[in-house]
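> Predicted model, plus sequence, below.
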Amino acid sequence: MRGHTNENGLKLSVLDLATIYNAESVTQTLNNSAELVQLADKLGYTRYWFAEHHNTKHQISTSPDLLAAHTAALTEHIRIGSGGVMLPNHSPLKVVENFSLLEGLHPGRIDLGMGRAPGTDGMTALALRRSREAVNSDQSGELLNELLAYFTGDFRDDHPFANITPTPDRSLQPELFMLGSSDGGRQIASQFGLGYAFAGQINPDWAVPVLQNYRKQFQPSKFMSEPYSILSIIVVCAETDEEAAYYAAPAELQWVRWGTGQFQYAPPTLEEAAAHTYTQEEEMVRQQNKGRFIIGSVDTVKEQIMQLQEDAQIDELMVLNMITDKEARHQSFSLLADAFQLSSNTSN
């Protein structure tokens, strides 16, 4: 698996929500993602994933497979994939077709991360799925079983889809991961022998116990013989702690707004965040959000990351950056790469 392992055995990767910052155009936002994935490839990051969100005013990450196809063609080494494809929104057959095709185009470089939630509101979920019955029922287990059976060919003989061929070459299989922010996704990943990625930015208090349980209860499978765990979290790194705090301020304010029901606002600019005066309620939420972030100088950030690695027993940290300034965003990833000596290994 590509990506440098430092002396503590940790790899670093990138999670991208394709967020529109500073009133940029959609095209500029997508260009920013293309530039960042090329930088991550050059710096030695292991993988770069795109999330799936729908009906959002300030994100354009609706189609991880399309973004993966575009960015995989722009890079040479880094693994590209979804963090993740939301299974309730898609036909398992079409997901397998798309990601098998991507694997054929970019052998050994494609990941399929899968989530159990729709990644959107109820009405948008209905628009995607065209069935109130499907929206109101939890079919994630059935959808996952079907998807895995397309990859392995392990349908029952009497299954109506047993004779469907999603690809002429069944070896065109991406690396498979289950996503989660609670224990439900962990149980599935452990049971089915899949990689597991925990969204620490969503539920930081659960990260350590859930990831520990994944490793303890993992059952080997055709997909993975040993457990492989990823923790995603927001990381803002700069030359000094003070500079990092400045560049992290927009993300902190945005999470406070989400936590207090203020969804109408665009992602704040650096200037807006610096000038904002927190109310008592907002400051309380801000303090509660501290676990979602790692913010600071190289030494500060590296120390916290290595502690997380030890506590959660993870193989990989996936960085959600959320820095609104492009130059500072790139610097943050470069500083992290230097701190963990990523560029010293660019082999597959």
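That came through, no problem.
> what bridges to the spatially most central residue of the chain?
Centroid-nearest residue in the chain, with C-alpha atoms, centre = their mean: residue 83, separated by 3.7 Å. Beta-bridge partners recorded for residue 83 (DSSP bridges): residue 113.
> For it, give its distance to residue 241.
Computed as C-beta to C-beta, to the nearest Å, the residue 83 to residue 241 distance reads 28 Å. For the C-beta atoms, the positions are set from N, CA and C on the backbone; glycine is no exception.
> One more: residue 87?
40 Å.
> who's more crowded, those two?
Higher neighbour count among residue 87 and residue 241: residue 87, with 24 against 14, using other C-beta atoms under 10 Å.
> how near is that one to residue 153?
Shown here: residue 87 relative to residue 153, a distance of 20 Å by C-beta to C-beta.
> ok, now which ones touch the spatially most distant residue from the centre of the chain?
Outermost residue of the chain with respect to the C-alpha centroid, by C-alpha atoms, centre = their mean, is residue 158; its distance is 36.5 Å. Neighbouring residues of residue 158 by C-beta atoms under 8 Å, 6 or more residues apart in numbering: there are none.
> Doesn't it lie inside a helix?
No: counting by DSSP: H, G, I helix; E, B strand; the rest coil, residue 158 is not found in a helix; it is coil.
> And it, what's its pLDDT?
Residue 158 is assigned a pLDDT of 92 by the prediction.
> again with residue 121
In this model, residue 121 carries a pLDDT of 81.
> If we ignore the residues flanking it in sequence, what's nearest it?
residue 55 (6.1 Å; C-beta to C-beta, 6 or more residues apart in numbering).
> Over to residue 224?
residue 193 (5.2 Å).
> Quick check, that neighbour in contact with residue 228.
No: with contacts counted by C-beta atoms under 8 Å, residue 193 stays clear of residue 228, the gap being 10.2 Å.
> And residue 191, how close does it get to residue 226?
With C-beta to C-beta as the criterion, residue 191 and residue 226 are 15 Å apart.
> should've said residue 105
Using C-beta to C-beta, residue 105 is found at 28 Å from residue 226.
> who has more neighbours, those two?
residue 105 (14 against 10).
> Ramachandran coordinates for that one?
Dihedral pair for residue 105: phi -70, psi -30, per degrees, to the nearest 10.
> quick one, what contacts it?
Counting by C-beta under 8 Å, 6+ apart, residue 105 has contacts 69, 72-73.
> Following element in sequence after the lowest-mean-pLDDT helix or strand in the chain, please.
One helix or strand of the chain scores below all others by mean pLDDT, DSSP states H and E: helix 132-136, with a mean of 67. Using DSSP states H and E, the helix or strand that follows helix 132-136 in sequence is helix 140-152.
> and that following helix, what's its mean pLDDT?
Helix 140-152 comes out at a mean pLDDT of 92.
> Please apply the same query to stretch 92-103.
97.
> mind showing which ranges of this structure have poor pLDDT?
1-8, 130, 133-138, 344-348 (pLDDT under 70).
> all strands of the stretch 201-348 of the chain, in order?
Under the criterion DSSP state E, counting those that start in this stretch, the stretch 201-348 of the chain contains strands at 229-238, 293-297, 316-320.
> want to throw these into a markdown table with distance to residue 282 and mean neighbour count?
Below are those laid out as a markdown table (distance: least, C-beta to C-beta, whole Å; neighbours: other C-beta atoms under 10 Å):
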| stretch | distance to residue 282 | mean neighbour count |
| --- | --- | --- |
| strand 229-238 | 18 | 25 |
| strand 293-297 | 16 | 22 |
| strand 316-320 | 21 | 24 |
